[in-house]
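J.: this one's sequence-less:
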């Protein structure tokens, strides 16, 4: 069963119920808060709700890094494009999603906007592991959520979502570039916060431009992505001296 699943496209896997993907250990590297809670307590809706509220509170307290708007956001229709384009789940801005709204008015105005609630925000599995370790709740056992950290070819490919802050209009491509850089750093066995002299240009940039040519397709693509993460996601081993000298 597993071998056949690994041959399926990412789009096919995404259409599988989240519990089936967890059983087959082919979960995405990023999960919504709602899915995290569901996989933790799959048969207990009250506990799921409590977990959702708890994670949202920790995100608001900046104890967990996430992707999206932790207060929820409205997009589409008169609100324009989705500022968090990697998240497309939500509720139609109709009577069901907004009990106080006039349904007929919404229909007449052709309101096609969508409301994405806080629990649709995404969290990367490495970030959630870090958080669980910080509150002494690691490892997770005896639930489907534990399969999130079981590595397979399906869930270890570079993800196009990395929960970081930035301009929503440029977040998508920048996240892909930053995640590619982190993946290259990891594959070369380097500490992202202690990049040795010469590795930036001769190893990291070269691998990024060879292996991820579709997103590093401009003469300054790598440099811009690199600069955006210096001091936050990676830095040279002797950061202070390199900042003064501008060395690679």
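T.: Looks like it came in fine. On a predicted model such as this, the values are computed, not experimentally measured, just so you know.
J.: next structured bit after the helix or strand residue 47 falls within?
T.: Applying DSSP states H and E as the criterion places residue 47 in helix 45-60. The helix or strand immediately downstream of helix 45-60 is strand 73-75, counting by DSSP H and E.
J.: what mean pLDDT does the helix or strand that that next one is followed by get?
T.: As assigned by DSSP H and E, the chain's next helix or strand after strand 73-75 is strand 91-92. Averaged across strand 91-92, pLDDT comes to 80.
J.: strand partners (parallel or antiparallel) of strand 91-92?
T.: strand 114-116 (antiparallel) (DSSP bridges).
J.: next one: the strand it pairs with to chain centre, how far?
T.: 18 Å (C-alpha atoms, centre = their mean, to the nearest Å).
J.: what's next to that strand, contact-wise?
T.: Residues outside strand 114-116 that contact it (C-beta atoms under 8 Å, 6 or more residues apart in numbering): 68-69, 72-77, 82, 84, 87, 89-93, 97-98. Where you see a C-beta, it was placed from the backbone N, CA and C, and this is true even at glycine.
J.: switch to 7 Å and redo it
T.: Strand 114-116 is contacted by residues 72, 73, 74, 75, 76, 87, 89, 90, 91, 92, 93, 97 when judged by C-beta atoms under 7 Å, 6 or more residues apart in numbering.
J.: stretch 49-65 too?
T.: 33-34, 36-37, 40-41, 66, 70, 118-119, 121, 123, 127, 131, 163.
J.: which two in the residues you listed are spaced the farthest apart?
T.: Distance extremes for the contacts of stretch 49-65: the farthest pair is 41 and 163 at 23.0 Å, using C-beta to C-beta.
J.: quick one: which of these two has more around it?
T.: Set residue 41 next to residue 163 and count neighbours by other C-beta atoms under 10 Å: residue 163 wins out with 20 against 17.
J.: can you tell me which helix or strand residue 213 belongs to?
T.: Per DSSP H and E, there is no helix or strand for residue 213.
J.: neighbours around it, how many?
T.: By other C-beta under 10 Å, the residues close to residue 213 number 10.
J.: residue 46 now?
T.: 8.
J.: if I look at it, how far off is residue 84?
T.: Relative to residue 84, residue 46 is positioned 28 Å away (C-beta to C-beta, to the nearest Å).
J.: over to residue 228?
T.: 18 Å.
J.: of those two, which one has the most company?
T.: residue 84 (19 against 16).
J.: spit out the contact partners of the more buried one.
T.: By C-beta under 7 Å, 6+ apart, the contact set of residue 84 is 67, 68, 69, 73, 168.
J.: which one of those residues is nearest residue 234?
T.: Distance to residue 234 across those (C-beta to C-beta) is lowest for residue 67, with 19.0 Å.
J.: and residue 127, how far is that from residue 30?
T.: Distance, residue 127 to residue 30, by C-beta to C-beta: 9 Å.
J.: compare these two (neighbour count), which wins?
T.: residue 30 (24 against 17).
J.: the more buried one and residue 124 touch, don't they?
T.: Yes: using C-beta atoms under 7 Å, residue 30 is in contact with residue 124, at 5.3 Å.
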